[in-house]
Each structure stands twice: as structure tokens, then as C-alpha cells.
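Engineer: Prediction below, plus the sequence it came from.
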Amino acid sequence: MKKIIVTTIPFILFGCVSDIKYNYTAEVVEKSYPELNVVTTTYIGDDLVRQDKVKIMDAISFANTTEVTRLNHSYIIDAGDYPKLGEDKTHLFFAAKSANGNAIVKTYTTPAAPIGIRVRKDNANNEVCISFITGTDFCNNNKHYSFKKVSLTSQDTFQQILIYNGKVGSKINISYREFNNDMARPAFSNNAEYDLSSSKTIRYKGAVIQVIEATNQYIKYKVLRNFNTPNQE
């Protein structure tokens, strides 16, 4: 009797082996809205003053949907900006999800989930690779991409906001809110009322605002000092 030997060949992602590096640190800067000493108009329910932190990140940008294929399998990179994860001597590594979370690297032909995008520092052949947790890649040449800086409000930092609530008579009402890790802090929410017949300059937690005009629909004003900026008066 002849024995029949069946050999099972597992699915392998062909390509060079390159572990993604996670050694990139984004620049974090404090951002204030609006700019100091600029006349601004804000409506009821909108932010009057806002102080938060912004991440300035390197990103790879795909202007159009880009397909990376290998044999019968393909991965699709949605148009978007994908933030940098790290680099080594020869390659740059980027996330598999865009900076705003609306675009992703996806596939309809294989369950293997991508963990990032890899490109060469020297841009040789305009090569773009899709990287996997196994350390393997799908790579195609002649793909169009560019590099840019993107700004993201950091969701894991402290935010302070003043909100305009309207005017009754000569008095205006302002709400103060604090957010930490993108969650409101109830103990640090408060409403304050100011009588403009006494002063057109209002203050709250270090912020100084000069009111130019106020109605029950909008307020026109200048920020003289934000929550953590030096006194500009």
C-alpha cells in the first residue's frame, strides 16, 4: 500500500523582515485660542477662551488611495496622513491608522492585520511596505507619497475652557470647564457672572478678557492674557 503524505503550507507574507521601531517622540506645544490682543467674536455655547496642548507630529501623507499587492493578496492605504512611529538607520515607520483616525490600512483578501507602514529613508524606487507583527512586509515600488507635519490636540493632557452663555441686562454669564484625558472634571466646572456696568474687563483663573460688545447672541472681545500666558496688560 502506498502512503500519501499531505504537506500543509501555511500562509506566509513574503517580503523582507523588518521590525517596526517605536522610538519617535512627538513635539508637544501649548496652544491658546484665540490669539492674544486680537478682536474675536464668539456665539452662545462656543469657546470664549481655550488652552490645551497640541502634538506636532511627522507623518507620511497619501493623497490618493494606494494599493500594495503581493501574489493574490492586497492591502489598501486610505488617503490620509499617518503619524510616525519611529525609525532605524535605513527606514521610517508609520502607523496603520491616520492621524485623525478616519483612514486606515485595510485588506479584503487576508486576515493578517497590518501594524504599520515602512518606507526607505533614501526613497529608493518610491518603495512602500505594509508591516506585520511577524516582522514581515508586503512591498511595492513606484508609490506616491509625501512627508508633512500634522497637529493633533493631545487627548491625554489637561485642558481649560471658558464658554460664553449669554447676557441678561448688563450681566454676562461664563462657564468654566476643565478636561483631563479628554474627560470633563465635574468638580472643576463652574459658572461665573460679570456685571459689565462695573468693568469691561473680566478675569477667571488667570485669563483676562476685555469685552468690546456683548449681546444675548454673541460677544466681541480681546483676550489680554490666557490661563498660563504672561500678563500682557
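Structural biologist: That came through, no problem.
Engineer: so what's the nearest residue to Val29 once chain neighbours are set aside up against?
Structural biologist: Spatially, and ignoring its direct neighbours in sequence, Val29 is nearest to Val54 (5.6 Å; C-beta to C-beta, 6 or more residues apart in numbering). Glycine gets a C-beta too; all of them are placed from N, C-alpha and C. Each residue near Val54 by C-beta atoms under 8 Å, 6 or more residues apart in numbering is listed here: 28-31, 151-154.
Engineer: Gly80 contacts Ala96, doesn't it?
Structural biologist: No: the pair Gly80 / Ala96 is not scored as a contact, 11.0 Å apart, by C-beta atoms under 8 Å.
Engineer: Would you indicate which residues of stretch 25-44 are buried?
Structural biologist: Across stretch 25-44, burial judged by 16 or more other C-beta atoms under 10 Å covers 26, 32, 34, 40, 42.
Engineer: and those, which of them are in strands?
Structural biologist: Among the buried residues of stretch 25-44, DSSP state E puts 32, 40, 42 in strands.
Engineer: Among the contacts of Val54, which pair sits farthest apart?
Structural biologist: Using C-beta to C-beta, the contacts of Val54 span at most 13.9 Å, a distance reached by Glu30 and Leu152.
Engineer: Could you list the paired strands of the helix or strand harbouring the residue nearest to Val29 along with their orientation?
Structural biologist: Using DSSP states H and E, the element containing Val54 is strand 47-62. Strand pairing for strand 47-62, determined by DSSP bridges: strand 27-33 (antiparallel), strand 80-87 (antiparallel), strand 146-153 (antiparallel), strand 158-168 (antiparallel).
Engineer: Show the average pLDDT along that strand.
Structural biologist: Strand 47-62 comes out with an average pLDDT of 91.
Engineer: residue contacts, Ile117?
Structural biologist: Contacts of Ile117 (C-beta under 8 Å, 6+ apart): 60, 77, 82, 93-96, 105, 128-131.
Engineer: what about it, distance to Leu92?
Structural biologist: Distance, Ile117 to Leu92, by C-beta to C-beta, to the nearest Å: 9 Å.
Engineer: Which neighbours do those two have in common?
Structural biologist: Ile60.
Engineer: most tightly surrounded among the strands paired with strand 47-62?
Structural biologist: Greatest average neighbour count among those goes to strand 80-87 (a mean of 20), per mean count of other C-beta atoms under 10 Å.
Engineer: ok, so of the buried residues of stretch 25-44, who is nearest Ser197?
Structural biologist: Closest to Ser197, out of all of these and judged by C-beta to C-beta, is Thr42, at 21.0 Å.
Engineer: Quickly list the domain ranges of the protein.
Structural biologist: 32-52+156-225, 56-153 (automatic domain parsing).
Engineer: Name the helix or strand for Phe138, please.
Structural biologist: Per DSSP H and E: strand 137-140 holds Phe138.
Engineer: Does anything pack onto that strand? Which helices or strands?
Structural biologist: On a contact count with 3 or more C-beta pairs under 8 Å, 6 or more residues apart in numbering; DSSP states H and E, strand 137-140 meets strand 66-70, strand 128-132.
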